[in-house]
Every structure is written in structure tokens, then in C-alpha cells.
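[1] Here's a sequence, model it:
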Amino acid sequence: MSTDQDQFSWAVKNGDLKNVEVAVKADPSLVKKTDANGRNPCHWAADYNQAEILDFLISKGAKFNDADGYGITPLLAAVYENHVQAVELLLKRGAKKDAKGPDGQTAYEAAEKEEIKKLLK
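    Purely as a prediction, here's the structure:
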């Protein structure tokens, strides 16, 4: 991963929308790049509950239904981490609820929080 990609992933994970916007303006392809594990910026944002970043990335064409190298979609990542805001945003944007993770469970089956289960019904 390049230094620019490292800085971009840090900004995504830490909710630094200003620097994410600047980076994407300079290199729009960043929203579709993946790391060594097949994770794209939507995975990172979902892991860290950065709903505002997720919304921006999706608006710029980021792929939010793609599974990473482990078979985990951004929606599943948000569910695994119990991130209600990220789950809600992804569902509003059209994330596929029926994708199964590496354990064979859907997001609904994997959800632990009732609030997330209600969103996934």
C-alpha cells in the first residue's frame, strides 16, 4: 500500500471527511481501490462506524456490496462491529441484506443488537 493510500485509509477510518474529500478530488480512483485483503474504503468506514464517510464514498461510486478477501461485505462488517449508524446508512443506500459471511450467516443472523435486527428485517 502506498503512502497516499495509507493516509487515505487513516482519514477514512478516523472520520476525517475534509481530507477524504481532498484525496478523492485529487484521485477519484481511491474510492474503488482495495488493500491486500481485498477491503475497499467502504469496509474501512463500516468497521469504524464512519457513516458520513460511507455516504460520501458511495456518492462518489464506491462499491459497497463487494465482499473482501474473507467474504465480508461492508454491511456485514458494520453488523459484526454493532455499528448501528453504518448499518442504517448502508441499508438506505441499498446494501444487499442477503449476502452471507464466511460463517454462512446473513447480516440478520449475525446481528447481536436488537436495533440492528430491526433495521435488517
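[2] low-confidence ranges in the chain?
    1-3 (pLDDT under 70).
[3] send the alpha carbons of the helix or strand encompassing Ala46 over as CSV?
    If you go by DSSP states H and E, Ala46 is part of helix 41-47. C-alpha atoms of helix 41-47 as CSV (Å, rounded to 0.1, in the frame of the first residue of the first chain):
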residue,chain,number,x,y,z
PRO,A,41,-12.8,2.2,1.7
CYS,A,42,-16.4,1.2,2.5
HIS,A,43,-15.1,-1.7,4.5
TRP,A,44,-12.8,0.6,6.5
ALA,A,45,-15.6,3.2,7.1
ALA,A,46,-18.1,0.5,8.1
ASP,A,47,-15.5,-1.1,10.5
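[4] List the neighbours of that helix that are in contact with it.
    8-9, 12-13, 30-31, 33, 50-51, 53-54, 57-58, 62-64, 66, 68, 72, 74-75, 77-78, 81, 83, 86, 90 (Cβ atoms under 8 Å, 6 or more residues apart in numbering). Every C-beta, even on glycine, is put in place using the N, C-alpha and C of the backbone.
[5] Among the residues you listed, name the buried ones.
    8-9, 12, 30-31, 33, 50-51, 53-54, 57-58, 62-64, 66, 68, 72, 74-75, 77-78, 83, 86, 90 (16 or more other Cβ atoms under 10 Å).
[6] In helices, which of the residues you listed appear?
    For these, the ones inside helices are 8-9, 12, 51, 53-54, 57-58, 74-75, 77-78, 86, 90, with DSSP state H as the criterion.
[7] Check these and tell me the two furthest apart.
    Using Cβ to Cβ, these reach their maximum pairwise distance at Phe8 and Leu75, which is 21.6 Å.
[8] Glu109 belongs to a strand?
    No: counting by DSSP: H, G, I helix; E, B strand; the rest coil, Glu109 falls outside a strand, being helix.
[9] Okay, buried residues for stretch 21-31 please.
    For stretch 21-31, using 16+ other Cβ under 10 Å, the buried residues are 23-24, 30-31.
[10] how close does Tyr70 get to Trp10?
    21 Å (Cβ to Cβ, to the nearest Å).
[11] what's the answer for Asn49, then?
    16 Å.
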